[in-house]
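Trainee: Quick one, structure for this:
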Amino acid sequence: MDKRQLLAVVLIFVFAFSFFSVKPSSCSASKAKVGLFYYVWYEGGLGNGHWNSSLSPGWTVVDTPLLGFYNSSDPSVIRQHLKWFDELGVDFLIISWWGSSTLQGYQFADTTTRLVFDLINETNSPIKITLMAEDFNQSGTYDFAAIYDYIYDNYATRYVNEFFDLNGKPLVCWWNSDMTSTSESRQRIGNDSRFAARIIGHHDYVDWYAWRPCSVDDGDYPITLPKLSKDGFTCIEPRYDDSHLGRSSTFDDDYSDGVYDRQWTWALKQGSNLSIIAIYSWNEYHERSQIEPHITNDTLVLSPFTKTYQYNTLRSLYQQYSSDIQALQENYTSLQSSYNNLIASFDTLNASFTSLNSRYDTLNSSFASLQDAYNSLLRDYDALNSNLTSLRSMLNDQQENITSLNLNITALQDEYGNLESRYEKLESDFNSLLSNYSVLISQHNDLKTVLQNGLSETVNALYVLIGLIAVFMVAVIVFLARKSRTRSAHTTERQVTD
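Mentor: Numbers count the residues shown, from 1 in each chain. As a prediction, the model looks like this:
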């Protein structure tokens, strides 16, 4: 195995280490229950209860619900809310409860709360409800036993399947306020064995801490991450803005800081430590923490709603695959040990590889030198072989020339014999010709003498002949001339006659 292969093995185990060390905690976070703060104090129409009503000064609203300024006791509104809650995957509601008329409280909210229970029962909705008691008594004195009795008789026993339980008991929450400010009141709140009781808020004594910006009284902006409270509880909130209420606390009023994303991301990473995620709020319009679809400055605002859907859907997907990831988590320790052993083995192998690599470099250097010498010898051999080939070619050429010369010599020898025989014959013929030549010379001289004598006589005869020819030619010319004059005279005479 070379170095690159060893590195590939290590990278594979590093990836496995990273995967197994991150996913299980996210999976455990998926098992947490998601709650939603729900306010049922709105009376229908702008100008009525909590919709900028003069009867509730200081409780101004600047956003308009998508459903309009609804009446919280309108069954159609509640049904639509329940439908949205189901789409979001909400497990339970924390209803802001303001007592009843018999408890010197706000009867409208109590009546509406029972209507919500009834509709959940009627529609077989899986959503549960817990009550969060507010400081409804303006006198500031509370009979906690009477409050518990009222809740037990009108809710806990009447809506057994709809009431949210904590540790096997119906849960009643209490908002930190004047009614929870003393240790005596807090002791009374915790004394009823029929219920599980939790105080919610931002004071030091609370059970469930409502994290900023749920709480506006804790530290300075920018926001820190949430923290876990008793029972693995945490509270998250998309926005807080009470500037229009005459106060001065504003956190991510236009959602540009991404507070809600950071809170959900943090919550999903808490693993099995997180059991309850409470979202503040569905419809607290006074402090503008609502995730309910609404309209601001003629613009439809859906981002808090859709983000809740997206993150809670992600949580559900984690839960769907929790068993598989749990099995991976159980194997993680063994894999990590194997990984560490492999790393140690890799270190040993790497050290051996380094030593071998050094030896390889030395051998490679020696081999390179030998290769150079071999290449040099090979070049010399090629040169010698080339020269030998040339010499062999030249020898063959010379051998052929010698053979050709031998043939030529033989031919010349034969030719010489023939020439010698011919020479002897020619010599004999020459002597014969020389003899004949002497005879011819003698005959020539005789003929010359005869010719000279005959020539003189012939010349004289030629002279006589030439003279005769000349006389004849003159006679012919004269005759022709006379004949020509005669013809000319006849011609003239004819012309005159004509």
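Trainee: now the stretch 151-300 of the chain, which segments are flagged as low pLDDT?
Mentor: Applying pLDDT under 70 to the stretch 151-300 of the chain flags the ranges 211-225.
Trainee: how about the strands in it?
Mentor: Applying DSSP state E, counting those that start in this stretch to the stretch 151-300 of the chain gives strands spanning 165-166, 169-175, 196-201, 208-209, 233-236, 240-241, 250-251, 276-279, 294-296, 299-301.
Trainee: mind giving me CSV with these and columns for distance to residue 138 and mean neighbour count?
Mentor: Every C-beta, even on glycine, is put in place using the N, C-alpha and C of the backbone. Compiled in CSV, the strands of the stretch 151-300 of the chain are given as follows (distance: least, C-beta to C-beta, whole Å; neighbours: other C-beta atoms under 10 Å):
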stretch, distance to residue 138, mean neighbour count
strand 165-166, 30, 18
strand 169-175, 15, 23
strand 196-201, 19, 22
strand 208-209, 25, 24
strand 233-236, 27, 25
strand 240-241, 26, 23
strand 250-251, 29, 19
strand 276-279, 27, 24
strand 294-296, 30, 16
strand 299-301, 34, 13
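Trainee: Any chance of JSON lines for the ones you listed, columns distance to residue 459?
Mentor: Output for those, formatted as JSON lines (distance: least, C-beta to C-beta, whole Å):
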{"stretch": "strand 165-166", "distance to residue 459": "180"}
{"stretch": "strand 169-175", "distance to residue 459": "182"}
{"stretch": "strand 196-201", "distance to residue 459": "179"}
{"stretch": "strand 208-209", "distance to residue 459": "175"}
{"stretch": "strand 233-236", "distance to residue 459": "166"}
{"stretch": "strand 240-241", "distance to residue 459": "168"}
{"stretch": "strand 250-251", "distance to residue 459": "166"}
{"stretch": "strand 276-279", "distance to residue 459": "167"}
{"stretch": "strand 294-296", "distance to residue 459": "163"}
{"stretch": "strand 299-301", "distance to residue 459": "158"}
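Trainee: who wins for proximity to residue 132 among the ones you listed?
Mentor: strand 169-175 (4.0 Å; C-beta to C-beta).
Trainee: Now do the closest one: which elements does it pack against?
Mentor: strand 128-133, helix 144-151, strand 196-201 (3 or more C-beta pairs under 8 Å, 6 or more residues apart in numbering; DSSP states H and E).
Trainee: and residue 464, which of the ones you listed is closest to it?
Mentor: strand 128-133 (181.7 Å).
Trainee: Give me the mean pLDDT for the closest one.
Mentor: Across strand 128-133, pLDDT averages out at 98.
Trainee: next one: that strand to chain centre, how far?
Mentor: 49 Å (C-alpha atoms, centre = their mean, to the nearest Å).
Trainee: just checking, what packs against that strand?
Mentor: Looks like strand 128-133 contacts strand 92-97, helix 107-122, strand 169-175 (3+ C-beta pairs under 8 Å, 6+ apart).
Trainee: Can you tell me which of the ones you listed is most buried?
Mentor: Of all the helices and strands packed on strand 128-133, strand 92-97 carries the top mean neighbour count, a mean of 26, counting by mean count of other C-beta atoms under 10 Å.
Trainee: can you give me the helices in the stretch 1-150 of the chain?
Mentor: 3-29, 75-88, 107-122, 144-151 (DSSP state H, counting those that start in this stretch).
Trainee: Give me the contact list for the third one.
Mentor: The contact list for helix 107-122, computed with C-beta atoms under 8 Å, 6 or more residues apart in numbering, reads 38, 40-41, 43, 49, 72-73, 75, 78-79, 82, 93, 95-101, 125, 127, 129, 131, 154-155, 158-159, 161-162.
Trainee: Now, of those residues, which are buried?
Mentor: 38, 40-41, 43, 49, 72-73, 78, 82, 93, 95-100, 125, 127, 129, 131, 154-155, 159, 162 (16 or more other C-beta atoms under 10 Å).
Trainee: on that earlier part again, to residue 279, which of the helices and strands packed on strand 128-133 lies closest?
Mentor: Of the helices and strands packed on strand 128-133, nearest to residue 279 by C-beta to C-beta is strand 92-97, at 9.3 Å.
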